[in-house]
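A.B. asks: okay, sequence plus prediction incoming.
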Amino acid sequence: MPWTEVAVERTISSRSPDKNAAGRVLSYRDALREALGQALKRDPGVFIMGEGVDDPAGVFGSTAGLREEFPSRVLDTPIAENGLTGFAVGAALAGMRPVLVHMRMDFLPLSFDQILNHAAKLCYMSGGRSHVPLVIRAVIGRGWGSAAQHSQSLQAMFMQMPGIKVVAPSSAYDAKGLLLSSIADGNPVIFIEHRWLYDVKGGVPKKEYLVPIGKGVVRRTGKDVTVVAVSLMVNEAVEAAKELKDGGIDIEIIDPRSLVPFDEKIVVDSVKKTGRLVIADMGWRSGGAAEIILGRIHDRIRRYLKADVQIVALPDTPTPASHRLEKAFYKNSGDIAKAARKAYGLRKK
């Protein structure tokens, strides 16, 4: 199994250069690498740890070459998730700013004791006297038969933990700005990266900059249906918008960028305009991120709704291994378009 390959099964759309980037374009993976390099250079308390962070492939290229530049601060580790996370929590309490990398989010639950019982709570339990400035990069994805144990999107589990921030950038610009913001934050951040986004390119300024955690962005303006799309689903929503436009449905795409804290206002303001809402996530439906988001905002939007809210999420089964079943299991632009038509009161002929 090619553990260090991204294995995208189809082309993911690239974005236009950001207006602030002066024509400079980077891939998502290079934006992550640049953010890490700049953080290591700026702050001697920053260090990177995790399985394979120093090898030539460098976590799908996102840490490649950093070991040569910062040999004592890019540390390969054995696979001992809970122990490693405890080490990172202790280092953070001592004033360091560790970035712990998990190439497969599926094994992050092995660290739950350190994350749930320590990292998330120490600031609260100490009355704000202790902080855990820890970033956990959690890579998710799918493809090449990753199946039930190497393809899961577990962001909802962390959305239920008070004391943890959860971010999920979808663009190269946000990948760099949000990673720098996460490293600068005083408390734990789960930084979710979908590996199918690593080759997505966009405008990225060379200088350091911060994207505020908890601030969403409108990726596409529209008047008929609001689509809140998480991470990779932003790209799927953009593809859906092209299909729907031919049918006369104009969707507005909101990228929350941060799941905790969540920018409720940007969604409420959009639903006031469209009266319809679709939420698209990469995880399971029951108790998943989409249902959590809907639960948080429903009281604020229900008076404006013209139709039932539609959720696009995975069926409540483990991920199948065969490619044929994977195609039936995963959601894409077609599912978002179908949900938007249903919200709009149309059925595809």
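C.D. replies: Perfect, thanks for sending it.
A.B. asks: what residue lies at the spatial centre of the protein?
C.D. replies: Residue closest to the mean C-alpha point of the chain, counted by CA atoms, centre = their mean, is A168 at 2.0 Å.
A.B. asks: which ones are touching that residue?
C.D. replies: By CB atoms under 8 Å, 6 or more residues apart in numbering, the contact list for A168 reads 155, 192-194, 230-231, 256-259. Any C-beta I mention is one placed from the backbone N, CA and C, and that applies to glycine too.
A.B. asks: just put the residues you listed in CSV and tack on secondary structure and distance to N117.
C.D. replies: Output for the contacts of A168, formatted as CSV (DSSP: H, G, I helix; E, B strand; the rest coil; distance: CB to CB, whole Å):
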residue, secondary structure, distance to N117
Q155, helix, 20
I192, strand, 21
E193, strand, 25
H194, strand, 28
V230, coil, 27
S231, coil, 27
P256, coil, 27
R257, coil, 28
S258, strand, 24
L259, strand, 21
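A.B. asks: of these - the most surrounded one?
C.D. replies: Using other CB atoms under 10 Å as the neighbour criterion, E193 leads the contacts of A168 with 29 neighbours.
A.B. asks: what sits opposite it in the beta ladder?
C.D. replies: Per DSSP bridges, the residues bridged to E193 are V139.
A.B. asks: excluding its backbone neighbours, what's nearest P261?
C.D. replies: Among residues not flanking P261 along the chain, G214 sits closest, at 3.7 Å (CB to CB, 6 or more residues apart in numbering).
A.B. asks: my guess is the one you found contacts D263. True?
C.D. replies: Yes. In this structure, G214 is within contact of D263 by CB atoms under 8 Å, at 6.0 Å.
A.B. asks: neighbour-wise, which of these two wins?
C.D. replies: Using other CB under 10 Å, the more surrounded residue of G214 and D263 is D263, with 21 against 16.
A.B. asks: residues contacting the more buried one?
C.D. replies: With contact taken as CB under 8 Å, 6+ apart, D263 is in contact with 214-216, 256-257.
A.B. asks: before we move on, back to that, kindly provide the distance from the residue nearest to P261 to R296.
C.D. replies: According to CB to CB, to the nearest Å, G214 and R296 sit 13 Å apart.
A.B. asks: how about stretch 166-173 as PDB, C-alpha atoms only?
C.D. replies: The C-alpha trace of stretch 166-173 is given here as PDB (Å, rounded to 0.1, in the frame of the first residue of the first chain):
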ATOM      1  CA  VAL A 166     -11.000  22.500  15.100                       C
ATOM      2  CA  VAL A 167     -10.000  24.000  11.700                       C
ATOM      3  CA  ALA A 168     -10.300  22.600   8.200                       C
ATOM      4  CA  PRO A 169      -8.700  24.800   5.500                       C
ATOM      5  CA  SER A 170      -9.800  24.100   1.900                       C
ATOM      6  CA  SER A 171      -7.400  26.500   0.000                       C
ATOM      7  CA  ALA A 172      -3.600  27.000  -0.100                       C
ATOM      8  CA  TYR A 173      -4.000  30.500   1.200                       C
END
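A.B. asks: for the residue lying closest to V217 once chain neighbours are set aside, what are phi and psi?
C.D. replies: Of all residues not flanking V217 in the chain, D255 sits nearest, at 5.3 Å (CB to CB, 6+ apart). Backbone torsions for D255, taken as degrees, to the nearest 10, come to phi -100, psi 110.
A.B. asks: thinking D255 is in contact with R219, fair?
C.D. replies: Yes. Counting by CB under 8 Å, R219 is a contact partner of D255 at 5.0 Å.
A.B. asks: who's more crowded, those two?
C.D. replies: Neighbours per residue, other CB under 10 Å: of D255 and R219, the larger number sits with D255, 27 against 19.
A.B. asks: ok, now which ones touch that one?
C.D. replies: For D255, the contact set (CB under 8 Å, 6+ apart) comprises 170-171, 174, 216-219, 229, 234.
A.B. asks: ok, now with 6 Å
C.D. replies: 170, 217, 219, 234 (CB atoms under 6 Å, 6 or more residues apart in numbering).
A.B. asks: and the second one, how many neighbours does it have?
C.D. replies: For V217, the tally of surrounding residues (other CB under 10 Å) stands at 17.
A.B. asks: now it: how far from R257?
C.D. replies: The gap separating V217 from R257 is 6 Å, by CB to CB.
A.B. asks: returning to that earlier point: using JSON lines, lay out the contacts of A168 together with distance to K41 and pLDDT.
C.D. replies: Putting the contacts of A168 into JSON lines (distance: CB to CB, whole Å; pLDDT from 0 to 100) gives the following:
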{"residue": "Q155", "distance to K41": "30", "pLDDT": "94"}
{"residue": "I192", "distance to K41": "25", "pLDDT": "97"}
{"residue": "E193", "distance to K41": "22", "pLDDT": "96"}
{"residue": "H194", "distance to K41": "27", "pLDDT": "95"}
{"residue": "V230", "distance to K41": "31", "pLDDT": "98"}
{"residue": "S231", "distance to K41": "28", "pLDDT": "97"}
{"residue": "P256", "distance to K41": "30", "pLDDT": "98"}
{"residue": "R257", "distance to K41": "25", "pLDDT": "98"}
{"residue": "S258", "distance to K41": "26", "pLDDT": "98"}
{"residue": "L259", "distance to K41": "29", "pLDDT": "98"}
